[in-house]
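# Show me how the following folds:
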Amino acid sequence: MIENNIIAHLIHNEEYLKRVLPFLKTEYFKDRPTNTLHSIIDEYVQNYNHSPSIEAISTELSYQKNLSEEEFAETKKVLKDIDTNKDSYNLTDIQYLLDTTEKFCKDRAINNAILDGIKILDKKDKQRTPEAIPDLLKDALGVNFNTAIGHDYLENTEERYQYYHRVEERIPFDLTYFNKITKGGIPKKTLNVILAGTGVGKSMFMCHMASNMISQGKNVLYITLEMAEERIAERIDANLLDITIDDLYKLPKQYFDNKIQKLKSKINGRLIVKEYPTASAHAGHFKILSDELMLKKNFKPDAVFIDYLNICTSRRFKGGNVNSYFYVKAIAEELRGLAVELNVPIISATQTTRQGFTSTDIGLEDTSESFGLPATADFMFAVIANEDLDKLNQIAIKQLKNRYSDPSINRKFVIGVDRSKMRFYDLEETAQQGMVDTGQVKKEDKRDPYDKFGDITV
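Model prediction:
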């Protein structure tokens with residue numbers, strides 16, 4: 001019986017014990033004897049850092065107060081059988097043992113999650129609600145024997161070299177200078193923030209990015225806490241259907257349907273827009289939404305937009321109990337944690353201060369409410385508008401923080417804007433003349449590019 005075999009190997013196979021005990025849980029053992037023995041072994045190893053002898057387990061067993069006489073006798077019998085057959089438990093095929101035990105843990109974890117879910121639905125669990133069921137199943141499905149315990153600097157050089165030369169998966173922009181400053185687009189597990197004043201174009205920029213991602217075949221989840229779902233969809237329509245906002249309201253139904261059909265034939269990406277009341281939702285709600293979309297629509301986002309960060313709530317703090325610095329910083333940290341958990345980039349926005357709204361050269365210090373936000377973000381840029389730029393149908397972009405590349409290169413540049421179609425576009429290189437820190441590429445070094453490294457044996 002597999003439970004008995006696992007207990008036996010925990011006692012008689014030291015290598016097996018060290019590699020599997022951290023992943024075993026007492027609730028995985030259905031039989032009372034093995035459940036009790038695992039509990040004793042686990043506690044013993046925590047106290048003494050090695051496997052217990054049969055005698056030690058027998059002694060600890062005699063101290064168990066929660067066993068009936070019948071259960072005590074059954075457990076003693078199992079322990080005796082294990083001792084009698086101890087010579088058969090030092091198998092050399094350790095990998096087979098690990099694989100078998102991992103499958104056992106996965107099966108039991110899923111079985112327990114299903115049973116817990118039934119209790120929740122039957123209202124026999126007073127502590128949890130049905131919203132907890134997706135997390136129970138996800139945790140159960142994620143059970144695995146991950147033996148990685150850190151990066152050994154001198155031993156793991158090959159892995160490190162491969163990391164340096166691995167092409168990171170990114171979602172590219174359709175704007176040249178943004179691809180330059182991000183080395184080809186935004187990677188997964190990151191928080192990317194747009195800083196701008198009211199009415200400058202935060203939501204429009206996010207809608208443009210969402211439209212571009214859908215066109216690339218990506219699945220996009222757009223969460224709005226500011227505008228109605230229909231307003232976001234309206235902006236996406238203007239961008240993708242190549243029609244002005246005003247003309248959308250004049251377009252006959254037949255023409256609108258025809259344009260949508262043509263669009264469906266061109267793009268494979270999906271867009272889900274979800275509206276929450278202002279200041280009513282946090283990263284926990286967004287995680288539940290993502291799980292529900294997967295269960296009900298088989299929709300897994302490749303990118304998540306949140307419009308916008310400051311009007312989310314924190315799952316850890318109440319707004320009235322903490323100052324704005326810590327509150328907004330907490331929201332940013334929770335959203336970045338969500339990006340890691342969902343394995344997607346999150347794109348959001350924040351307001352400038354009153355001074356930043358009138359400034360022509362926005363800096364990180366102009367971030368509204370909390371300087372803790374730029375400390376958390378991976379990539380942050382400002383969108384700047386003024387009368388001169390408006391006349392040219394342009395906006396200026398300024399890098400504020402960039403973990404993907406050197407932010408001093410192409411620190412500022414301009415792009416074109418078509419507000420009627422909610423769209424941005426590249427400009428001729430001549431438009432970038434006069435910009436500060438445009439970061440022209442240095443003249444190519446004609447020497448052997450590897451000379452500077454030295455210590456190369458040919």
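# Does residue 340 belong to a helix, a strand or coil?
Following DSSP: H, G, I helix; E, B strand; the rest coil, the label given to residue 340 is helix.
# Residue 283 is in contact with that one, correct?
No: the pair residue 340 / residue 283 is not scored as a contact, 10.9 Å apart, by Cβ atoms under 8 Å. C-betas here are computed from N, CA, C, even on glycine.
# Who has more neighbours out of those two?
Comparing residue 340 with residue 283 by other Cβ atoms under 10 Å, the one with more neighbours is residue 283, at 25 against 13.
# now the more buried one: how far from residue 226?
Residue 283 is 17 Å from residue 226, where distance means Cβ to Cβ, to the nearest Å.
# Residue 122: neighbour count?
8.
# for residue 435, same thing?
Residue 435, neighbours per other Cβ under 10 Å, totals 16.
# For it, which non-adjacent residue is closest in space?
Leaving out its chain neighbours, the residue that sits closest to residue 435 by Cβ to Cβ, 6 or more residues apart in numbering is residue 412, at 4.8 Å.
# Let me see the domain layout of this structure.
Structural domains annotated on the chain: 2-141, 170-432, as defined by automatic domain parsing.
# closest to residue 156 out of these?
Among those, the nearest to residue 156 by Cβ to Cβ is domain 2-141 (19.0 Å).
# Compute the first-to-last residue distance for that closest one.
20 Å (Cα to Cα, to the nearest Å).
# Also stretch 372-380?
13 Å.
# the strands in this structure, which residues?
Per DSSP state E, the chain carries strands over the ranges 170-171, 186-187, 190-196, 220-224, 271-275, 303-307, 345-351, 379-384, 394-402, 412-418, 423-425.
# Tabulate these (TSV), appending distance to residue 259, mean pLDDT and mean neighbour count.
Shown next, in TSV, are the strands of the chain (distance: least, Cβ to Cβ, whole Å; pLDDT from 0 to 100; neighbours: other Cβ atoms under 10 Å):
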stretch	distance to residue 259	mean pLDDT	mean neighbour count
strand 170-171	25	95	19
strand 186-187	29	96	22
strand 190-196	28	94	26
strand 220-224	19	96	25
strand 271-275	16	95	19
strand 303-307	23	95	25
strand 345-351	26	94	25
strand 379-384	29	93	24
strand 394-402	27	94	20
strand 412-418	18	95	20
strand 423-425	16	95	20
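# roughly how far out does stretch 363-373 sit from the chain middle?
Per Cα atoms, centre = their mean, to the nearest Å, the displacement of stretch 363-373 from the mean C-alpha position of its chain is 23 Å.
# And it, end to end?
This stretch, stretch 363-373, spans 13 Å end to end (Cα to Cα).
# Now do that stretch: everything it contacts.
Identification of contacts with stretch 363-373 by Cβ atoms under 8 Å, 6 or more residues apart in numbering yields 193, 195, 309-310, 324-329, 332, 350-353, 355-356, 359, 374, 380, 382, 400-401.
# so where's this protein uncertain?
Where the chain drops to pLDDT under 70, the residues are 88-92, 146-149, 319-321, 354-360, 368-370, 436-458.
# just checking, what packs against the biggest helix by length in it?
Taking DSSP state H as the criterion, the chain has its longest helix at helix 94-121. Other helices and strands packing on helix 94-121, by 3 or more Cβ pairs under 8 Å, 6 or more residues apart in numbering; DSSP states H and E, are helix 2-12, helix 14-20, helix 133-141.
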